[in-house]
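> Make a model of this:
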Amino acid sequence: MAVSNQSTPIDIVWPSLPLAAWQDTYATLHLWTQIIGKIRLALAPKLNHWWQSTLYVTPRGLTTASIPCENRNFQISFDFLDHQLQIDTSDGITKRIALAPRSVADFYQMVLTTLSNIGIEVRIWTMPQEVSEPIPFNQDYQHAAYDPEYAQRFWRILIQVNRIMTVFRSQFVGKSSPVHFFWGSFDLAVTRFSGRRAPEHPGGVPNMADWVTREAYSHEVSSCGFWPGGVSCGACFLRLCLPYAGRVSRLPNPTQRSFLQLRDARVYPTL
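The predicted model follows:
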């Protein structure tokens, strides 16, 4: 399937996001987004490749978008301008929780209690995904950092990456994912599909059931992703072309497959 050969660069000004300066905030925010993402996963109807579980970039932060719950809808949004978590329901209720230094356990309890108080009951698996040495959300008093300046810088970069990936997505006429934020790996990504099924994925992703991974990589994919840190190269873009799903387990170290780092100021929409 043909794509545009557009090569005009998009000028981007990247906020500085040194990993060492915000690593503690990153770790806490990663787990907070997992709690909110798992709420969507628990209640939203299943879509192919688990697309119903992701978050989306907004002009103020990240959101679940609308989640059905019996005869109501609600959404949960991170607001990185006012530094609040906002819950909105279709019957006019709005609740806000301050984004401030607090433990993952406190955040988890506050979110679920707030939802329960407005008649939304939800149960999630409390074990984090795709992190080393996971601690159940309701027991995690270790991660409790939140620096509003760096949280906002992170989001401002996502705004620009979302812009680039949306242009990139628009040039493809085949099946393509939304530009969406995966809370497990904490990355923004867009994926194209060839239409052909892939051999069964071998599994082995940390803290993730093999059947979940096999559904995610059931078909041949070409993915572009952006990570805000978490590997030795810090924030980076990555493009993965997986002719068959089994190859994912044999990719080289992440630092060897990043193709664009934040120090670059001009990004081409063809990626």
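
> and the spatially closest residue to Gln129 that is not a sequence neighbour, what does it touch?
Leaving out its chain neighbours, the residue that sits closest to Gln129 by Cβ to Cβ, 6 or more residues apart in numbering is Gly184, at 4.2 Å. All C-beta atoms are positioned from the backbone trio N, CA, C, and that covers glycine. Residues in contact with Gly184 (Cβ atoms under 8 Å, 6 or more residues apart in numbering) are 34, 37, 129-130, 208.

> For the closest residue to Val104 other than its chain neighbours, give me its contacts.
Setting aside the residues directly before and after it, Val104 is nearest to Asp140 in space (Cβ to Cβ, 6+ apart), at 3.9 Å. Under the criterion of Cβ under 8 Å, 6+ apart, the contact list for Asp140 reads 31, 103-105, 108.

> Take those and lay them out in TSV including pLDDT, secondary structure and neighbour count.
Converted to TSV, the contacts of Asp140 look like this (pLDDT from 0 to 100; DSSP: H, G, I helix; E, B strand; the rest coil; neighbours: other Cβ atoms under 10 Å):
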residue	pLDDT	secondary structure	neighbour count
Leu31	98	helix	25
Ser103	98	coil	18
Val104	98	helix	27
Ala105	98	helix	20
Tyr108	98	helix	22
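
> Next, give phi and psi for the residue nearest to Val104.
phi -90, psi 100 (degrees, to the nearest 10).

> any idea which helix or strand carries Ala189?
strand 187-197 (DSSP states H and E).

> Output that strand as CSV - backbone C-alpha positions only.
Extracted in CSV, the C-alpha atoms of strand 187-197 (Å, rounded to 0.1, in the frame of the first residue of the first chain):
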residue,chain,number,x,y,z
ASP,A,187,5.0,5.2,25.0
LEU,A,188,3.0,7.0,22.3
ALA,A,189,2.7,4.9,19.2
VAL,A,190,1.0,4.4,15.8
THR,A,191,0.9,1.1,14.0
ARG,A,192,0.3,0.1,10.4
PHE,A,193,-0.9,-3.4,9.4
SER,A,194,-0.2,-5.4,6.2
GLY,A,195,-3.4,-7.3,6.5
ARG,A,196,-1.6,-10.6,6.8
ARG,A,197,-1.7,-12.8,9.9
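
> distance between that strand and the chain's centre?
Counting by Cα atoms, centre = their mean, to the nearest Å, strand 187-197 is centred 15 Å from the centre of its parent chain.

> can you pull the buried residues of it?
For strand 187-197, the neighbour count (16 or more other Cβ atoms under 10 Å) marks 187-193 as buried.

> Can you get me a residue count around Glu121?
10 (other Cβ atoms under 10 Å).

> isn't it right next to Thr113, touching?
No - judged on Cβ atoms under 8 Å, Glu121 makes no contact with Thr113 at a distance of 11.1 Å.
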